[in-house]
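Colleague: Sequence isn't available, so here's the structure alone:
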C-alpha cells in the first residue's frame, strides 16, 4: 500500500478529527461568551475508545480551591469564532453540578455516580444502555 | 442531587476510564517488550466522541526525521506490568505502515486514506460502516 499522503496543515483545514492535546487547555464559555473555565483533560473508556467526559476546571486561584467537573462530551459545542467550547450552564447549575476538588479524583469506576452526571446533563450514557 | 462523591486515588484504583494526558507520552512496545516509540496524541472524532487513532511517534533524533503513525485505538493493548502500550508490529510492517513526517500532518479528512490505515491494521473503521 502507499505510504505517501497528501499533507495538509491541521490548523487551516477543518476536518472531522481533533487532537487530544488541542482539546486540553481550551477555554470553555457560556453561550454569552463569558469564560467559565478550561478543559483539563478527557476521560476515555479504555475498551470502546469513547470519550466519556471532558473535565472542566474552574474557580480557585493558583490551583487552590479549583473544582473539576466531568461533563459528557456530547454537551460541548465548539465555537469556531471564539476557538473555545460552549457549555450552556447557569451559575446555579454550576454550583450543583457533580464536581470534585482538583487535587482529588472522581470515582470513575462507580457507575451510579456516572449515571448521576449523565442525569444532571440529560446526556445519554456513553456505556450504551 | 448529591454533589459529594467517594474520592479515590486514580493511581491506585483501576477503572474503566483513562485520562487523555496520561495516554500522551506513554511508551509503546512490541510483544517482546522492545520499545518502538511513544504515543504523541489521540485523534478524536468530534461528533461521535470516539478515539479514532493513537498517534505513535518513532525514529528520528531530537525531532528530526521523526515519523508519526496513526494506529486505530483498538490495536493498542495496555500492559499493566510495563505501564506501556503493546502493538504487535514487525520492523517490516513499521516501514510500510501509513505514516507522515512529524512536522507535517496526515489528511484526516480524507476517508480513503483512513480506510487504508484501517485496512493495514485490519481494524474496523470507527466511522461505522
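Modeller: Perfect, thanks for sending it. Keep in mind that what you see is a predicted model, and the values were worked out from it rather than measured. Residues are numbered from 1 along each chain as shown, chains lettered A, B, ... in the order given.
Colleague: List the residues that contact residue A:28.
Modeller: A:35-39, A:56, A:58, A:76, A:84-87 (C-beta atoms under 8 Å, 6 or more residues apart in numbering or on different chains). The C-beta positions use only the backbone N, C-alpha and C, and glycine is treated the same way.
Colleague: change it to 6 Å
Modeller: Contact analysis of residue A:28 by C-beta atoms under 6 Å, 6 or more residues apart in numbering or on different chains lists A:36-37, A:56, A:85, A:87.
Colleague: now swap in residue A:51 and tell me
Modeller: Going by C-beta under 6 Å, 6+ apart, residue A:51 touches A:42, A:44, A:73, B:44, B:49.
Colleague: Check those residues against residue A:107 and report the nearest one.
Modeller: Set against residue A:107, the nearest of those by C-beta to C-beta is residue A:44 (16.6 Å).
Colleague: By average pLDDT, which secondary structure element in chain A comes out worst?
Modeller: strand A:100-101 (a mean of 80; mean pLDDT, DSSP states H and E).
Colleague: helix or strand for the closest residue in space to residue A:57 that isn't next to it in sequence, which one?
Modeller: Leaving aside its chain neighbours, residue A:57 sits nearest to residue A:40 (4.3 Å; criterion: C-beta to C-beta, 6 or more residues apart in numbering or on different chains). Using DSSP states H and E, residue A:40 falls within strand A:35-45.
Colleague: Now do the buried residues in that strand.
Modeller: Across strand A:35-45, burial judged by 16 or more other C-beta atoms under 10 Å in any protein chain shown covers A:36-45.
Colleague: mind listing what it pairs with, with the direction of each?
Modeller: Note on strand A:35-45: by DSSP bridges, its sheet partners are strand A:27-29 (antiparallel), strand A:51-58 (antiparallel), strand B:17-19 (antiparallel).
Colleague: show me the contacts for the one residue sitting closest to the centre of chain A.
Modeller: The residue lying closest to the centre of chain A (C-alpha atoms, centre = their mean) is residue A:54, at 2.1 Å. Listed by C-beta under 6 Å, 6+ apart, the contact set of residue A:54 reads A:39, A:42, A:71, A:73, A:76.
Colleague: Thought residue A:79 was touching residue A:85, still the case?
Modeller: No: counting by C-beta atoms under 6 Å, residue A:85 does not reach residue A:79; the two are 7.1 Å apart.
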